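K.L.:
Provide a 3D model corresponding to the input given below.
(one chain, ligands or ions: 2)
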Amino acid sequence: MKILFIINVSDLGFEEPLGALYIASAAKRAGHTVEAVENDLAAIETKIARLKPDLLAISVLTPSFPYLYKLLREVKRRYDIPSIVGGPHATHFPEILKEEGIDYVFRGEGEVSFVKFLDRFERKQPMDGVENLSYIKDGRLVSNPLAPLIEDLDAVAFPDRELLSGFDQFARSDVRSVMGSRGCPYQCSYCFNNQYQGMYKDLGKKLRLRSVDNVVAECKELKERYHAKMIHFFDDIFPFKSAWVEEFAEKYSREVGLPFLTNTSFNVCSEHYLQNLAKAGCKCLLIGVETGNEYFREKILFRKMKNSMMIEKAKLIHSHGIRIYTQNLIGLPYGSLELDLETLRVNIALKADYAGAYLCQPYPGTPIERMAKEAGLFEEEKEFNRSFYYSSKIRIADRRQVERLRILFPIVVNFPVLVNFIYLFLNLPAWPWGVTGKLLHGYKIKTAILRYKMSARALTNHIRLFFRRPINRMVLKEKTEQS
Ligand code: B12
Ligand code: SF4
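P.N.:
Ligands and ions are numbered 1, 2, ... in the order given. Next up is the predicted model:
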């Protein structure tokens, strides 16, 4: 069977769309043909004319759903090809099946049940018993039960990077994306994991690790076949089991030896963990501070951490030569400008190398959305933005200043003396800071995040993607098209 995957490349930089790549591998292993095309109507039409696919597949996140759905509907109006939608948004909102143009929805982990679906689909058999699948039967939405989470992640085929061979932005990149684990032990109130764990309760472990050998084998392949010079581990939290990190540091540094960056939590940053990460080649850690107020952190965000502990751990991270990229949420429900300024001060205290601040987004179904609704702080009529940078459905007190603070935030953390003038800056137009912030971000990507020897080809690719990137431009374009 021939499957055409529509990849939403405009919301990606050099990050590879691992969900689609894993699914493609599983389908190819089962003997199907899978090709990919970017999210552009003309390109899709050309590809359909050539490939004549039997099925259209697409992976969707909540913020890009409205846009991707319109694109899919347009394609379906022109071609009578069944479609299946998967990914985080489909996982939580199978009712999108009611929208014109979506024939099947796939919830949760894909590799095993998708292949079962393809088999039934090809033989035109009924879909009863195909786990994870939602579909319309006799006018009713049917959601089959979920299959348990895959226990042995080593049994899953590596993501199919060949799928992206025709995409310039990935072909020219030398940073590759890898997941060493799936899941997270925490349940932050604003995160997809909170709902995911509820859905998969009793259906597998919250956190699953691949073996070190399996991860190292993938990284070696990336180095040898896909000219990787740096690895971006996209784990929610990079594995922190002592024996695992120790074995990883040993084998990865010997057999792969590429610098890498990854996500982690201050909670797991022990001396042993950091020592091994540094030995393996970790150059930068992306860590959530989220808010500087301990009470809010615990009661609103469901994250229990002391500021003093974070500051202590940040010192330890720096002592191992690893840079810190913090992530912060401002404009929280019940929050205020003062609260967000507390967050700014904590980032200064822990000397973040780069501190990103984002407006808190109450994604549907998350506890934080419930809180915002209960407090009457939810603006129902607002559409979800394709990014969490530019707007929020939360009714933010001091909105104007908080929005300006988002732009000023990384600049002030890098030049702490500016904090003395913060109230003045918050009352002036933000655009000059926007330009400075963008330049600082670019500089920090090169010096703190992507700390590896880039080829000229990769550098120009990064620069091109960096300037093409701002989702706000796309959002503006969408708005203009709508009006
Ligand atoms: C890497 C990553 C990114 C990358 C790349 C995103 C991408 N499209 O691949 C970048 C940095 C670009 C990114 C951006 C954003 N991200 Co992000 N990101 C992730 C992260 C850390 C890993 C994604 C991943 O590769 N997972 C591994 C693969 C294997 O899992 P998967 O994608 O879910 O795929 C599996 C199944 O869902 C299913 N499946 C997936 N697609 C399909 C399709 C079909 C047809 C089928 C049958 C099955 C299927 O099978 C796959 C294999 O089992 C996740 C957290 C996470 N743990 O997943 C957040 C996550 C996906 N991101 C999230 C968010 C909110 C964002 C941003 C809004 C943040 C921002 N900057 O504004 C943007 C949105 C960009 C956009 N509009 O699309 C949320 C999404 C929540 C939601 N309700 O949609 C997540 C879940 C984080 C979280 N914990 O809440 N992100
Ligand atoms: S630690 Fe990160 S990935 Fe884990 S639940 Fe919290 S926000 Fe989500």
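K.L.:
could you use CA atoms for every contact and neighbour count after this?
P.N.:
Fine.
K.L.:
return the distance of the residue of the chain most remote from its centre relative to residue 127.
P.N.:
In the chain, counting by CA atoms, centre = their mean, residue 138 sits farthest out from the average C-alpha position, at 36.1 Å. Look at residue 138 and residue 127: by CA to CA, to the nearest Å, they are 13 Å apart.
K.L.:
quick check: which ranges of the stretch 1-150 of the chain have low pLDDT?
P.N.:
Of all residues in the stretch 1-150 of the chain, none has pLDDT under 70.
K.L.:
the closest residue to residue 271 other than its chain neighbours and residue 325, how far apart?
P.N.:
Nearest residue to residue 271 in three dimensions, chain neighbours excluded: residue 316, at 7.2 Å (CA to CA, 6 or more residues apart in numbering). For residue 316, the distance to residue 325 (CA to CA) stands at 14 Å.
K.L.:
again, but for residue 464
P.N.:
22 Å.
K.L.:
what about those two, which has more around it?
P.N.:
Set residue 464 next to residue 325 and count neighbours by other CA atoms under 10 Å: residue 325 wins out with 24 against 13.
K.L.:
check contacts around the more buried one.
P.N.:
If you count contacts by CA atoms under 8 Å, 6 or more residues apart in numbering, residue 325 has them with 284, 285, 286, 287, 352, 353, 354, 355, 356, 448, 449.
K.L.:
doesn't the fourth one lie inside a strand?
P.N.:
By that I understand residue 287. Yes: checked against DSSP: H, G, I helix; E, B strand; the rest coil, residue 287 lies within a strand.
K.L.:
quick check, it in contact with residue 263.
P.N.:
Yes: with contact defined as CA atoms under 8 Å, residue 287 counts as touching residue 263 (6.0 Å).
K.L.:
one step back: which one of the contacts of residue 325 is nearest ligand 2?
P.N.:
Proximity to ligand 2 was ranked across the contacts of residue 325 by CA to the nearest ligand atom; first place goes to residue 287, at 8.5 Å.
K.L.:
report the mean per-residue pLDDT for the helix or strand where residue 213 lies.
P.N.:
For residue 213, the element it lies in under DSSP states H and E is helix 212-225. For helix 212-225, the mean pLDDT works out to 98.
K.L.:
quick one: buried residues of it?
P.N.:
Using 16 or more other CA atoms under 10 Å as the test for burial, helix 212-225 gives 212, 214, 215, 216, 217, 218, 219, 220, 222, 223.
K.L.:
same question for stretch 316-332.
P.N.:
316-318, 320, 322-332.
K.L.:
and it, end to end?
P.N.:
Using CA to CA, the distance between the terminal residues of stretch 316-332 is 29 Å.
K.L.:
just checking, residue 104 touches residue 81?
P.N.:
No: applying CA under 8 Å, one finds residue 104 not in contact with residue 81, separated by 11.8 Å.
K.L.:
give me the more crowded residue out of the two.
P.N.:
Higher neighbour count among residue 104 and residue 81: residue 104, with 20 against 16, using other CA under 10 Å.
K.L.:
mind listing what's buried along the longest helix anywhere in the chain?
P.N.:
Assignment by DSSP state H gives helix 399-414 as the longest helix of the chain. Going by neighbour count (16+ other CA under 10 Å), the buried part of helix 399-414 is 399, 401-414.
K.L.:
out of these, which comes closest to ligand 2?
P.N.:
residue 406 (19.0 Å).
K.L.:
which residue is the nearest non-sequential neighbour of that closest one?
P.N.:
residue 357 (5.3 Å).
K.L.:
for the one you found, give the beta-bridge partners.
P.N.:
When assigned by DSSP bridges, residue 357 has beta-bridge partners residue 328.
K.L.:
that one against residue 409, yeah?
P.N.:
Yes: counting by CA under 8 Å, residue 357 does reach residue 409; the two are 6.4 Å apart.
K.L.:
how about residue 342, what does it touch?
P.N.:
291, 292, 293.
K.L.:
which of these ranks first by neighbour count?
P.N.:
Busiest of the contacts of residue 342 [other CA under 10 Å] is residue 291, holding 29 neighbours.
K.L.:
name the element the nearest residue in space to that residue that is not next to it in sequence belongs to?
P.N.:
Among residues not flanking residue 291 along the chain, residue 343 sits closest, at 5.0 Å (CA to CA, 6+ apart). Taking DSSP H and E as the criterion, residue 343 maps to helix 337-349.
K.L.:
hmm, back to that, quick one: check the helix holding residue 213 for contact with ligand 1.
P.N.:
No: between helix 212-225 and ligand 1, judged by CA under 6 Å from any ligand atom, nothing touches; the nearest distance is 13.9 Å.
K.L.:
anything in the helix or strand following that helix near ligand 1?
P.N.:
Where DSSP H and E defines the elements, the next helix or strand beyond helix 212-225 is strand 230-233. No: in terms of CA under 6 Å from any ligand atom, no part of strand 230-233 sits within range of ligand 1; the closest distance is 8.9 Å.
K.L.:
ok, residues contacting strand 230-233?
P.N.:
With CA under 8 Å, 6+ apart as the test, strand 230-233 has contacts from 174-180, 219, 258-263, 450, 452.
K.L.:
one step back: need the residues touching each of residue 357 and residue 409.
P.N.:
Counting by CA under 8 Å, 6+ apart, nothing touches both residue 357 and residue 409.
K.L.:
tell me who's in contact with the nearest residue to residue 253 once chain neighbours are set aside.
P.N.:
In space, and not counting its chain neighbours, residue 253 is closest to residue 280: 4.8 Å by CA to CA, 6+ apart. Going by CA under 8 Å, 6+ apart, residue 280 touches 248, 249, 250, 252, 253, 257, 259.
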